[in-house]
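# Kindly return the folded structure for what I paste below:
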Amino acid sequence: MKILAILYKGGNAATSEPRLLGTVENQLGIRKWLESQGHEYIVSDSKEGADSDFQKHLVDAEILITTPFHPGYLTADLIAKAKNLKLCVTAGVGSDHIDLNAAVKNNIQVLEVSGSNVVSVAEHVMMSILLLVRNFVPAHEMIERGDWMVSDIARNAFDLEGKVVGTIGAGRIGYRVLQRLIPFDCKELLYYDYAPLPEAAAKAVNARRVEDLKEFVSQCDVVTVNCPLHEGTLGLINTELLKHFKKGSWLVNTARGAICDKDAVAAALASGHLNGYAGDVWNVQPAPKDHVLRTAKNVLGGGNGMVPHYSGTTLDAQARYASGTKSIIENYLSGKAQEPQNIIVGLGKYETKAYGQR
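Just a heads-up that it's a prediction; the model follows:
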């Protein structure tokens, strides 16, 4: 059986750090195991265009492993050419780079390692909120330049205490963000989600649900995006919705880049309507060198907390999703039932509402 994995290149870092399991060099730690059973295991970072390893090997692969951090975009056209493909495994969480509707039509199962990144991403959200609210990045850049002007930083530095913070999406990650916000004594915690939290869960974090999105963002000093990307969330935060944000509010997106209109966000920063934007997700990955969100700034020349997509690929997270990937493949090869929470698309049908209310 041919198994194809599209992972990101780790370079010298992966050579010196074997715990970087999600890289081309370290191959999720499963090569010996797969080859000992007689399977062919192809691992590459080449994913763009007809001559890429991705497209060349996809045509006869039975299992495809991809990652949200260097996604191999599996379109309906490519699925039509992949006659042997039976299983897609996302090494991590987030399978929006796969045409899920096409997978349903072609009886291709799609699974991901549910929960493998939830703590990692929730911690990154908290870091991003704080670095924006406290105006950290311009302060650090000032020190690197050799300058020292406290007032230039303090004029746009605030406390998180007393602010209204809201999450779009209150699932595994969004809820953990709410939990981690409790010690900061925010004025109020809000959430926007198609499904209400169980009463006990909402009470535990003292979070109030707001059912109208425009009303939700208009109440928040900080908005954090923690929902999957699907037809209903693509371009969700656009020019029109940004008009309803509080002037001077902060926006954090560690979910998927395409949920936020990049040009609308950059314009809102430049106008002063948004005070900051941070996250690690981009509408195309790797992000082009001229991507507007690499250099977008607020009116004071700060407010940018963007980094490469790494929040869910800490060394701890990589250990979890590498182990989970092996478990999913092992279940497939042996005919064992998969863990229900990992199944996005079963045989010919969706098994979750995470990618829209199907």
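# distance of Ile182 from Ala258?
31 Å (CB to CB, to the nearest Å). Every residue, glycine included, has its C-beta placed from N, CA and C.
# So for those two, which residue has more residues nearby?
When Ile182 and Ala258 are compared for neighbours, Ala258 comes out ahead with 18 against 13, by other CB atoms under 10 Å.
# so that one touches Leu229, yeah?
Yes - using CB atoms under 8 Å, Ala258 makes contact with Leu229 at a distance of 5.7 Å.
# which residues are in contact with both of these two?
Both Ala258 and Leu229 are in contact with Asp96, where contact means CB atoms under 8 Å, 6 or more residues apart in numbering.
# shaky segments in the protein?
Applying pLDDT under 70 to the chain flags residues 356-358.
# how about a cut-off of 80?
Applying pLDDT under 80 to the chain flags the ranges 354, 356-358.
# for it, which residue is closest to the average position?
Centroid-nearest residue in the chain: Ala255, 3.8 Å away (criterion: CA atoms, centre = their mean).
# can you count the residues close to the closest residue to it other than its chain neighbours?
What sits nearest to Ala255 in space, not counting adjacent residues and going by CB to CB, 6 or more residues apart in numbering, is Val225, at 4.6 Å. Val225: 26 surrounding residues under other CB under 10 Å.
# Report the contact partners of Val225.
Listed by CB under 8 Å, 6+ apart, the contact set of Val225 reads 167-169, 237, 251-255, 259-260, 279.
# mind checking the longest helix of this protein?
Ranked by residue count, the top helix of the chain under DSSP state H comes out as helix 315-334.
# just checking, next helix/strand downstream of it?
Per DSSP states H and E, the first helix or strand lying C-terminal to helix 315-334 is strand 343-345.
# got the contact list for that following strand?
Defining contact as CB under 8 Å, 6+ apart, one finds that strand 343-345 is touched by 90, 95, 100, 103-104, 108-112, 350-352, 354-355.
# let's see it at 10 Å
Identification of contacts with strand 343-345 by CB atoms under 10 Å, 6 or more residues apart in numbering yields 88, 90, 94-96, 98, 100-104, 106-112, 114, 228, 328, 337, 350-352, 354-355, 358.
# re the thing from before, pipe the contacts of Val225 into TSV and attach distance to Lys81 and secondary structure per row.
TSV is the format used below for those (distance: CB to CB, whole Å; DSSP: H, G, I helix; E, B strand; the rest coil):
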residue	distance to Lys81	secondary structure
Thr167	39	strand
Ile168	36	strand
Gly169	34	coil
Ile237	34	strand
Leu251	39	strand
Val252	38	strand
Asn253	33	strand
Thr254	33	coil
Ala255	30	coil
Ile259	29	helix
Cys260	32	strand
Gly279	34	strand
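# Filter those down to the buried ones.
Buried by 16 or more other CB atoms under 10 Å: 167-169, 237, 251-255, 259-260, 279, out of those.
# Need those in CSV (columns: distance to Met1).
Output for those, formatted as CSV (distance: CB to CB, whole Å):
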residue, distance to Met1
Thr167, 41
Ile168, 40
Gly169, 36
Ile237, 42
Leu251, 44
Val252, 41
Asn253, 38
Thr254, 35
Ala255, 34
Ile259, 36
Cys260, 39
Gly279, 38
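# Out of the residues you listed, the closest to Ala204 would be?
Distance to Ala204 across the buried ones among the contacts of Val225 (CB to CB) is lowest for Thr167, with 14.7 Å.
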